[in-house]
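> any chance you can model this:
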Amino acid sequence: MTTRSVVSTAVAMENLKDAIAEAAEKFEKLSVEYDEYFDPPEALENRVVDAKKDLQSLQKQLKEMEQQDNTAALHDLRYMKLSAPYRFSQPDTKHNIIFEEESLENPNDIPMIKQATLEKLIERLTFDEYSDASGILQWLLVYRSFTSPKDFLQLLKDRFNVPEPDASVPEEKRAEFTRKIVTPVRLRVLNVVKNWTDKHWNDFAVDPALSDELQAFLASMEGSLTAQIDAIKRIIAKRQVEAQQRSADKVLSFSEAPPDPLSVEPGLEGELLAYPPLEIARQMTLIESDLYRNISSTEFGLLAWDATINEKSDKQKSIAAFITRFNYVNQWVVSAVCTCKGTHQRKETIVKLIQVADQCHALNNFNGIMEIVSGLQSSAVHRLKQTWELVPVAKRELYEFLVDLTSRADNFKTLRQAVATAEGAALPYLGVYLTDLVFIRDLSANTQSPEDGITLVNFAKMRRISSVLRLLQQLQQAPYCLQPVPALREMLLGLPLVSEEEAYQASLQEEPRGSSSKKSKKVAFFVTQSVLKDWQKVARTVAETFETHATISFADSDTVVAQVDNALEQGFKVIVAVGGEEVVHGVANAFIKLNGLKKGAVFGLIPLGGSDFARALKVPVDVYDFSKMVSA
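Below is the predicted model:
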């Protein structure tokens with residue numbers, strides 16, 4: 001700020017203060033006059049209101065001018081001439097930092113950076129005027145996209161070591177510079193270091209040289225900012241102890257005891273699917289949770305610039321292990337179904353897997369749900385129409401619910417909502433968030449290089465990436481309080497697999513192409529009104545089982561003869577009574593009276609409605625095999 005501008009601003013502020021004094025005096029006089037009236041005239045009331053508005057407007061102008069004056073004075077202090085080169089001494093320009101326009105509307109808000117040079121990002125991360133806690137968390141998640149941990153630490157050291165002002169600077173200004181700029185900046189730098197060591201210690205754990213450099217940096221500050229440095233040292237010591245405990249296979253402790261494992265029937269301990277679905281889901285969850293919680297912040301940070309997982313890279317080994325486990329279980333689901341011999345055994349396997357997926361849902365293991373559901377949706381399993389038709393209606397409805405939960409519709413909207421509202425420990429399906437990262441990554445470049453050749457980091461993009469990574473890290477915080485079952489765990493870690501091609505060939509062998517479970521005979525179902533609700537539960541299976549069928553409402557024994565006769569005339573070769581005793585006797589008598597057998601037809605029944613007759617037959621509707629009706 002020039003001498004002329006300083007004088008001009010001071011004169012304007014003095015003039016404004018005089019105007020405020022006059023406005024205050026005017027408002028006070030009008031207020032006194034107003035108070036003298038029992039019923040003040042409207043014109044006077046309006047004058048009082050206007051005078052108050054004028055006074056408030058002038059006071060607001062003065063406040064804004066004072067803020068601008070303070071900002072300008074601080075700006076001059078921040079970028080004053082120094083005794084040595086300082087990489088953070090360049091004032092803001094359109095060439096080195098660009099802010100989000102909306103974030104500048106409120107002067108009390110921390111401005112959000114859209115693009116900036118690396119030096120400007122560090123400067124704002126450790127700004128003297130404010131502390132940006134959110135910006136620090138975002139930076140620590142994504143900084144590896146455009147610099148290395150070693151270079152980041154060097155930037156912090158350079159930022160901390162602010163040179164003395166030039167010898168020409170008066171002593172008073174030098175003291176003000178130390179108080180308003182140097183001390184706040186150094187405190188901000190230490191705050192960044194504190195968050196770095198606390199939330200991203202793996203950067204130092206995998207690089208002893210970086211850890212040594214940090215220790216030397218802290219040691220160089222001995223005698224100053226002792227409280228802040230001691231806090232950082234305590235965090236470092238804590239993280240080092242935790243690392244040693246993890247390497248010693250430390251057992252997690254919980255405030256409550258884990259639930260007792262569910263047992264398997266004696267003699268079936270070696271059969272994985274003989275275990276209760278809940279216990280299978282528990283052990284799957286424990287294995288996958290361990291893998292997920294083992295992913296370091298460094299690996300998550302690397303996703304910011306490359307969401308493509310390289311299984312051979314040591315830098316991504318934990319994420320690769322988690323994804324490999326997903327593919328392993330997914331292929332086991334396919335293998336387990338397709339290698340079963342016989343339709344009934346395949347059906348039982350599918351039912352058990354649906355139950356396990358449902359228990360994964362109860363445990364908030366969304367990764368486990370997706371492993372199983374995507375396996376059941378594979379072409380080798382999905383094509384087994386005859387097997388699927390034997391799956392009980394209730395289990396098929398449950399499966400459809402899980403399919404909807406994991407649907408890709410609206411970018412996994414339902415699954416995202418389920419993860420967001422999950423309480424307690426949860427395991428995400430990582431594919432959702434890797435897709436997000438790829439989309440954000442490809443939307444724009446990590447850096448921009450304007451015509452002047454200065455490289456600007458696209459921090460708006462990094463902010464979006466950090467929101468995804470922050471969610472993935474948050475889901476690591478709560479471990480599962482469950483007991484391992486060694487025998488079951490061992491089986492889940494050594495699942496028998498066949499290749500995709502082998503599974504598909506096995507599927508073709510069990511149900512060749514062109515085979516159909518639909519029966520060609522025409523079937524007429526006579527249903528009483530009282531069981532229509534129960535009938536709806538099996539109506540879908542009926543439609544999928546028979547190419548041609550009709551549902552006829554049974555009224556009474558007098559009219560059913562004509563109904564059965566009409567059905568036989570139309571070529572229906574299977575006549576089925578659906579309901580209790582009345583409909584069975586009525587339709588059976590009509591069938592006999594009309595010589596149904598001589599006409600090449602057969603008679604069948606489906607007991608519904610809860611009558612003594614239906615209960616006596618003990619035929620569960622869910623698993624009724626309609627093929628029995630047409631076997632004759």
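> going along the chain, name the strands of the stretch 1-150 of the chain.
Here the stretch 1-150 of the chain has its strands, by DSSP state E, counting those that start in this stretch, at 97-99, 113-116.
> and among those, the most buried is which?
strand 113-116 (a mean of 21; mean count of other CB atoms under 10 Å). (C-beta placed from N, C-alpha, C; glycine too.)
> pairing partners for that strand, with directions?
strand 97-99 (antiparallel), strand 456-458 (antiparallel) (DSSP bridges).
> which residues sit against the first one?
Same thing as strand 97-99. Applying CB atoms under 8 Å, 6 or more residues apart in numbering, the contact partners of strand 97-99 are 111, 112, 113, 114, 115, 116, 117, 120, 124, 456.
> sorry, back to before: I'd like to know which of the strands of the stretch 1-150 of the chain is closest to residue 178.
Among the strands of the stretch 1-150 of the chain, strand 97-99 comes nearest to residue 178, with 25.0 Å by CB to CB.
> distance from the chain centre to the closest one, please.
Its chain's average C-alpha position is 30 Å from that of strand 97-99, according to CA atoms, centre = their mean, to the nearest Å.
> now stretch 139-154
Taking CA atoms, centre = their mean, one finds the center of stretch 139-154 at 25 Å from the center of the full chain.
> for it, the averaged confidence score.
The average pLDDT for stretch 139-154 rounds to 92.
> again, but for stretch 602-622
Averaged across stretch 602-622, the pLDDT comes to 57.
> which of the residues in stretch 359-369 are buried?
Buried positions in stretch 359-369, judged by neighbour count with 16 or more other CB atoms under 10 Å: 359, 360, 361, 363, 364, 365, 366, 367, 368, 369.
> in JSON lines: these, plus secondary structure.
Output for these, formatted as JSON lines (DSSP: H, G, I helix; E, B strand; the rest coil):
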{"residue": "359", "secondary structure": "helix"}
{"residue": "360", "secondary structure": "helix"}
{"residue": "361", "secondary structure": "helix"}
{"residue": "363", "secondary structure": "coil"}
{"residue": "364", "secondary structure": "coil"}
{"residue": "365", "secondary structure": "strand"}
{"residue": "366", "secondary structure": "helix"}
{"residue": "367", "secondary structure": "helix"}
{"residue": "368", "secondary structure": "helix"}
{"residue": "369", "secondary structure": "helix"}
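> ok, those residues vs residue 316, which is closest?
Taking these together and measuring to residue 316 by CB to CB, the closest member is residue 367, at 17.5 Å.
> what's near enough to touch that closest one?
Counting by CB under 8 Å, 6+ apart, residue 367 touches 288, 292, 326, 427, 428, 429, 430.
> just the contacts of strand 97-99 now: which is nearest residue 225?
Closest to residue 225, out of all of the contacts of strand 97-99 and judged by CB to CB, is residue 124, at 21.0 Å.
> helices of the stretch 51-200 of the chain, residue ranges please.
118-125, 133-142, 149-160, 171-177, 183-199 (DSSP state H, counting those that start in this stretch).
> would you confirm that residue 576 belongs to a helix?
No - going by three-state DSSP, the assignment for residue 576 is strand, not a helix.
> across the sheet, point out what pairs with it.
Bridge pairing for residue 576 (DSSP bridges) gives the partners residue 525, residue 604.
> hmm, it is touching residue 602, no?
No - when contacts are counted by CB atoms under 8 Å, residue 576 is not listed as touching residue 602 (9.2 Å).
> out of those two, which sits in the busier spot?
Per other CB atoms under 10 Å, whichever of residue 576 and residue 602 has more neighbours is residue 576, with 24 against 17.
> from residue 604, how far out is the more buried one?
Look at residue 576 and residue 604: by CB to CB, to the nearest Å, they are 5 Å apart.
> equivalent analysis for residue 91, please.
Taken as CB to CB, the span from residue 91 to residue 604 is 90 Å.
> can you check residue 244 too?
71 Å.
> can you check residue 52 too?
The gap separating residue 52 from residue 604 is 91 Å, by CB to CB.
> so between the two, which is more surrounded?
Ranked by neighbour count (other CB under 10 Å), residue 52 and residue 604 place residue 604 first, with 18 against 15.
> that one against residue 573, yeah?
No - using CB under 8 Å, residue 604 is not in contact with residue 573, being 11.1 Å away.
> all strands for the stretch 251-400 of the chain, in order.
In the stretch 251-400 of the chain, no strands are found when defined by DSSP E, counting those that start in this stretch.
> low-confidence ranges, it, go.
For the stretch 251-400 of the chain, applying pLDDT under 70 flags the ranges 251-253, 304-315.
> picking up where we left off before, Throw the strands paired with strand 113-116 into CSV and include mean pLDDT, thanks.
Output for those, formatted as CSV (pLDDT from 0 to 100):
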stretch, mean pLDDT
strand 97-99, 92
strand 456-458, 91
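> so which of those is nearest residue 225?
Comparison of the strands paired with strand 113-116 against residue 225 by CB to CB identifies strand 97-99 as nearest, at 27.6 Å.
> what is the nearest of the contacts of strand 97-99 to residue 15?
Of all the contacts of strand 97-99, residue 15 sits closest to residue 111, with 30.5 Å by CB to CB.
> before we move on, back to that, in JSON lines, list the strands paired with strand 113-116 along with distance to residue 129.
Listed next are those as JSON lines, based on distance: least, CB to CB, whole Å:
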{"stretch": "strand 97-99", "distance to residue 129": "14"}
{"stretch": "strand 456-458", "distance to residue 129": "21"}
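> can you tell which of the ones you listed is closest to residue 235?
The closest of the strands paired with strand 113-116 to residue 235 is strand 456-458. By CB to CB, the value is 27.4 Å.
> which element follows that closest one toward the C-terminus?
Later in the chain than strand 456-458, the nearest helix or strand by DSSP states H and E is helix 459-474.
> any buried residues in that following helix, and which?
By neighbour count with 16+ other CB under 10 Å, helix 459-474 contains the buried residues 459, 461, 462, 463, 464, 465, 466, 468, 469, 472, 473.
> I figured the fifth one was touching residue 440, is that so?
Looking back up the chat, that one is residue 464. Yes - contact criterion CB under 8 Å: residue 464 and residue 440 qualify, at 5.1 Å.
> give me the phi and psi angles of the closest residue to residue 164 other than its chain neighbours.
The shortest distance from residue 164 to any non-neighbouring residue, by CB to CB, 6 or more residues apart in numbering, is to residue 83 (4.7 Å). Dihedral angles of residue 83 (phi, psi; degrees, to the nearest 10) stand at phi -80, psi -10.
> I figured residue 83 hits residue 165, correct?
Yes - at 6.5 Å, residue 83 counts as touching residue 165 under the criterion of CB under 8 Å.
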